[in-house]
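Asks: 3D, please:
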Amino acid sequence: MIVMNAGQSIALLRLFDEIPATFHRLKVVAADVHGQDVPSAGRRGILRSLDRFGPQTIPQLARARPVSRQHIQVLVSGLLRDGLVTTEENPAHRKSALVRLTAEGKRQLLASQKREAHILAHVTFELTATEIDRAADVLRSLRALLESKKWSDYVATID
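Replies: Below you'll find the model as predicted:
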C-alpha cells in the first residue's frame, strides 16, 4: 500500500498539473530554438538515446518511452531515410536489427545540443544548480514510483 499525508497528496497533485504544462511549453521552446530544419522531438529523443546508450533495437527504444513499437518504427524509418541512423545485424536476435547513430546523426545531435547550451548559458535563472539537480531527483523518484510494481499493484486494487 502507498500511504501519503494530506500535504504530500496536495503537493503531488500540483506537481502532476505542472508536468504536462511544462512539457507542452518545452515543445514550443524546442520549435523556437531548432526551427523547422531539425528533427522533431521524437526523432531527437531517438538520436539522444542512441548516442547515450549505444545501438538498440526498436523494441528497446519503445520500452523506454510510453509509445508503441510501431510509432518508434515510423520515427526510425524517417531517420534511416535521412541518413541519421543505420541498422545492422543483431547477434542477440535475428529479427530485431540494431539501430545505430551515423556520423551525420551525431553531427545534427551535437548541433542541436550546442544551440540549446548557448541559449541556456545566456538565460538568467533564479535557481541554483543544486536546486535544479534536486528537482531532477524529485522527478526521477516520482517516475520510479509510477513505474514500480508497488504502484501497479496498488492501482489494480482501486475499484
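Asks: quick one, helices of the protein?
Replies: For the chain, applying DSSP state H gives helices covering 6-34, 41-53, 58-63, 69-81, 103-121, 129-147, 149-157.
Asks: which residue would you name as the spatial centre of the chain?
Replies: The centre of the chain sits closest to Gly45, judged by CA atoms, centre = their mean, with a distance of 5.7 Å.
Asks: need the phi and psi values for the nearest residue to that one once chain neighbours are set aside.
Replies: Nearest non-adjacent residue to Gly45, counting by CB to CB, 6 or more residues apart in numbering: Arg65, 7.2 Å away. Using the backbone N, CA and C atoms, a C-beta is placed for each residue, glycine as well. Here is the backbone geometry of Arg65 (degrees, to the nearest 10): phi -140, psi 160.
Asks: how close does Arg65 get to Val3?
Replies: Distance, Arg65 to Val3, by CB to CB, to the nearest Å: 30 Å.
Asks: count of neighbours near Gln56?
Replies: Look at Gln56: counted by other CB atoms under 10 Å, it has 21 neighbours.
Asks: Ala6 now?
Replies: If you count neighbours by other CB under 10 Å, Ala6 ends up with 7.
Asks: give the rounded mean pLDDT of stretch 11-28.
Replies: Average pLDDT, stretch 11-28: 90.
Asks: His93: which of the helices of the chain is closest?
Replies: Counting by CB to CB, His93 lies closest to helix 58-63 out of these; the figure is 9.0 Å.
Asks: can you list the low-confidence ranges for this structure?
Replies: Along the chain, segments meeting pLDDT under 70 span 1, 36-39.
Asks: in contact with His93: list those residues for me.
Replies: Neighbouring residues of His93 by CB atoms under 8 Å, 6 or more residues apart in numbering: Thr57.
Asks: can you offset everything so residue one is 899?
Replies: Sounds good: first residue 899 from here, last item His991.
Asks: mind putting the helices of the chain in a markdown table, distance to His991 included?
Replies: Output for the helices of the chain, formatted as a markdown table (distance: least, CB to CB, whole Å):
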| stretch | distance to His991 |
| --- | --- |
| helix 904-932 | 33 |
| helix 939-951 | 17 |
| helix 956-961 | 9 |
| helix 967-979 | 14 |
| helix 1001-1019 | 22 |
| helix 1027-1045 | 24 |
| helix 1047-1055 | 26 |
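Asks: right, and those helices - which one's nearest Glu987?
Replies: Taking CB to CB, helix 956-961 is the member of the helices of the chain nearest to Glu987, at 14.2 Å.
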